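[1] Got a predicted structure here, sequence first:
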Amino acid sequence: MTSRISLDDAVHLRRSIYQLTKTSTISDDRIVEIVQDALENCPSTFNSQSTRIVVLLKEEHTKFWKVVEDILKAIVPADQFEHTAQRLTGFSGGYGTVSLTFWLHDDKPQADRVKILFYEDPEVTKGLQTKMPLYADKFPGWAEHTSAIHQYAIWTALEAEGLGANLQHYNPLPNQKASEIWGIPQEWPLIAQLVFGGVAEGARENLPKKDQTPIEKRLFVHGK
Ligand SMILES: Cc1cc2nc3c(=O)[nH]c(=O)nc-3n(C[C@H](O)[C@H](O)[C@H](O)COP(=O)(O)O)c2cc1C
């Protein structure tokens, strides 16, 4: 993987960018490569490789946010919908959405994980929990941690390529419809949506300051 800036710089630069454009600094193939790289290399509990990712680009991305809008329109009071609609228009104005979902375990080859249509055998998960009953109740939490690691890796990698992104949690509202449209197994819980696109002019100005809690209250080093 070749990034235009160092990992350190990308960690420093990564922010929640809400003003996005429908452009990309990199090819769709490179976007998919970044996601595939994360799936292949991020750590996961007991190397279960539980994360499943659906990448929606251009029209498919716009379609996803239309689904969310239609669902919200039906449940949000009309006088409060304007604010919601503005936010959704911002997301829809991006280039793509990376939807992160997880399942607990499988032995399928990598290629089965990056396609939109997946099949997952729940028997494998049950097998894992049966094999390690001591950790059975821990697996769902650890799967969330594993998902978060993927979210951050991809967010930072997109930043390194000059793209902007923000993280959303409109699940479970669009789960069923998304499952119908993109053939995602209904049993997969949707964890988060990473919206990304070109960084609109001025989008990095006036971002909230990061230094809220003093670092000495958060970082404790011994033995240096
Ligand atoms: C677990 C988690 C959940 C988040 N959920 C949302 C969300 O639902 N909507 C949103 O706009 N931002 C969400 N964020 C982004 C944070 O609000 C943001 O990262 C934080 O304010 C720091 O700003 P920065 O991303 O610019 O560094 C989430 C971040 C994390 C780590």
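    Yes, it's here.
[2] Quickly check: the helix or strand where Arg87 lies near the ligand or not.
    Assigned by DSSP states H and E, Arg87 belongs to helix 78-92. No: using Cβ under 6 Å from any ligand atom, we find that helix 78-92 stays clear of the ligand, coming within 8.3 Å at best. Just so you know, the C-beta spots here come from the backbone N, C-alpha and C atoms, and that holds for glycine as well.
[3] worst-scoring helix or strand of the protein, pLDDT-wise?
    Ranked by mean pLDDT, DSSP states H and E, the helix or strand of the chain with the weakest confidence is helix 111-114, at a mean of 30.
[4] Show me which residues of this structure are close to the ligand?
    Residues of the chain lying near the ligand by Cβ under 6 Å from any ligand atom: 15-16, 166-169, 207.
[5] give the contact list for the residue nearest to Tyr95 when sequence neighbours are not counted.
    Sequence neighbours aside, Gly197 is the residue nearest to Tyr95 in space, at 3.7 Å (criterion: Cβ to Cβ, 6 or more residues apart in numbering). With contact taken as Cβ atoms under 8 Å, 6 or more residues apart in numbering, Gly197 is in contact with 20-24, 93-96, 163-165.
[6] If we only consider these, which is nearest to Ser44?
    Closest approach between the contacts of Gly197 and Ser44, by Cβ to Cβ: Ala165, at 21.7 Å.
[7] part of a helix, is that closest one?
    No: looking at Ala165 with DSSP: H, G, I helix; E, B strand; the rest coil, it is strand, so not inside a helix.
[8] and it, how many neighbours does it have?
    27 (other Cβ atoms under 10 Å).
[9] surely it meets Val199?
    No: under the criterion of Cβ atoms under 8 Å, Ala165 makes no contact with Val199, lying 9.4 Å away.
[10] list residues touching both of those two?
    Both Ala165 and Val199 are contacted by 17, 20, under the criterion Cβ under 8 Å, 6+ apart.
[11] elements contacting the lengthiest helix in the chain?
    Looking across the chain with DSSP state H, the single longest helix is helix 139-160. Secondary-structure packing of helix 139-160 (3 or more Cβ pairs under 8 Å, 6 or more residues apart in numbering; DSSP states H and E): helix 7-13, helix 28-41, strand 51-57, strand 96-102, strand 164-168, strand 190-199.
[12] Lowest average pLDDT across these?
    Lowest mean pLDDT within the helices and strands packed on helix 139-160: strand 96-102, a mean of 68.
[13] just checking, what packs against the helix holding Arg87?
    Helix 78-92 packs on helix 59-75, going by 3+ Cβ pairs under 8 Å, 6+ apart.
[14] any residues touching the helix it packs on, and which ones?
    Contacts of helix 59-75 (Cβ under 8 Å, 6+ apart): 56, 81, 84-85, 88, 91-92, 94-97, 99, 170, 173-174, 177-178, 181-182, 193, 195.
[15] what angle sits between it and strand 164-168?
    Interaxial angle, helix 59-75 versus strand 164-168 (axes from the mean of the first three to the mean of the last three Cα atoms, to 10 degrees): 40 degrees.
[16] hmm, back to that, what mean pLDDT does the longest helix of the chain get?
    Mean pLDDT, helix 139-160: 89.
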